[in-house]
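Student: Pasting a predicted model and its sequence here:
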Amino acid sequence: MKSMKRWMFVFPHPDDESFACAGTLARCRDAGHETCLVCVTSGCKGRPGPFPINCREELARHREQELARAADVLGIGKLELLRYPDGGLSAVEPEELAERICQLIVDWKPNVVVTFPPDGVTGHPDHIAASNATVAAVERAEQQLQNGEYPSLYFVSIPHYYDHCPDKGPRPAVPITGKVDITLYREQKAEALRAHQSQEYSVNRAYPGVMNGDSSVIGCYEYYTLVRERGRAVTPVSPEKEIPLIHL
Ligand SMILES: [Zn+2]
């Protein structure tokens, strides 16, 4: 029997988890693993979508509710809202952000930590700041954890993100080294994306049709890069043939 693992996902905005990792999150739950999502901002700078919201506090509350619904769909066991300013993460002292995330790692002791790669997938400054802070947090946590408690660190990539968006993304900063088969969890991913109704504009761009109930655009894999394991950096190398499966 496989042992239970703890997976911690760190993302800057409510909805990043659904775009990047929803299938993996749902599969983790089915595999008996515990999941924790750390959402660094409340997304108060996003678009309000169909909702008549023009106050940042109200939008933050609304997006937190949407995130709670997505978390429900995906069986996320623990939701940590850090409530830093949306769009302003790069102005937060990197040490402070890293320390906040580090303490969550030291307290919860995840086996796996997942965040965006250093290019943030989309190049969004909050995505880049969250990635940098999480890498620093894992390294910092290793100073406080016992040998054997060190989490593996993965970056999640969304190589198909720009398939439908007209604009160009940054080149992949790191090669993808593994993928999770989410074939059985595509519907749950679609449902989690739909929970972020205020973000219909972004969902429609990356996953056209999903908001209207057609999830055929959602692929069967989510993609990762292992960059740290057992307290040491791993140099990611592109696989020669097919990208190997990550078994949960
Ligand atoms: Zn985001």
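Tutor: Arrived safely, thanks for sending.
Student: residue ranges with poor pLDDT in this structure?
Tutor: Along the chain, segments meeting pLDDT under 70 span 1-2, 169, 171-172.
Student: which stretches of this protein form strands?
Tutor: 6-11, 34-41, 78-84, 112-115, 152-157, 178-181, 221-229, 232-233 (DSSP state E).
Student: residue closest to the middle of this protein?
Tutor: Glu17 (3.9 Å; C-alpha atoms, centre = their mean).
Student: do you know how far that one is from the ion?
Tutor: Taking C-beta to the ion, to the nearest Å as the measure, Glu17 and the ion are separated by 9 Å. (Glycine included, C-beta is placed from N, CA and C.)
Student: give me every residue that touches that residue.
Tutor: Phe9, Phe11, Leu25, Leu37, Cys39, Leu67, Ala70, Leu74, Ile76, Ala192 (C-beta atoms under 8 Å, 6 or more residues apart in numbering).
Student: Pick out whichever of those sits closest to Ala133.
Tutor: Here the nearest of these to Ala133, counting by C-beta to C-beta, is Phe11; it sits at 11.3 Å.
Student: Burial check on that closest one, number of neighbours?
Tutor: By the criterion of other C-beta atoms under 10 Å, Phe11 has 26 neighbours.
Student: Please apply the same query to the one 10 residues further on.
Tutor: Residues lying near Cys21 (other C-beta under 10 Å) number 30.
Student: from memory it sits against Glu222, does it?
Tutor: Yes - Cys21 is within contact range of Glu222, at 5.9 Å (criterion: C-beta atoms under 8 Å).
Student: Now for the two: what residues contact both?
Tutor: With C-beta under 8 Å, 6+ apart, Cys21 and Glu222 have common neighbours Val156.
Student: Just to check, Glu222 is in contact with Thr183?
Tutor: No - Glu222 is beyond contact range of Thr183, at 10.9 Å (criterion: C-beta under 8 Å).
Student: Compare those two and say which is more crowded by neighbours.
Tutor: Legend: neighbour count by other C-beta under 10 Å for Glu222 and Thr183, higher for Glu222 (26 against 11).
Student: quick one: contacts for the closest residue to the ion within the chain?
Tutor: The minimum distance from the chain to the ion, using C-beta to the ion, falls at His13 (3.5 Å). By C-beta under 8 Å, 6+ apart, the contact set of His13 is Cys39, Val40, Thr41, Gly43, Gly46, Asp86, Asp126.
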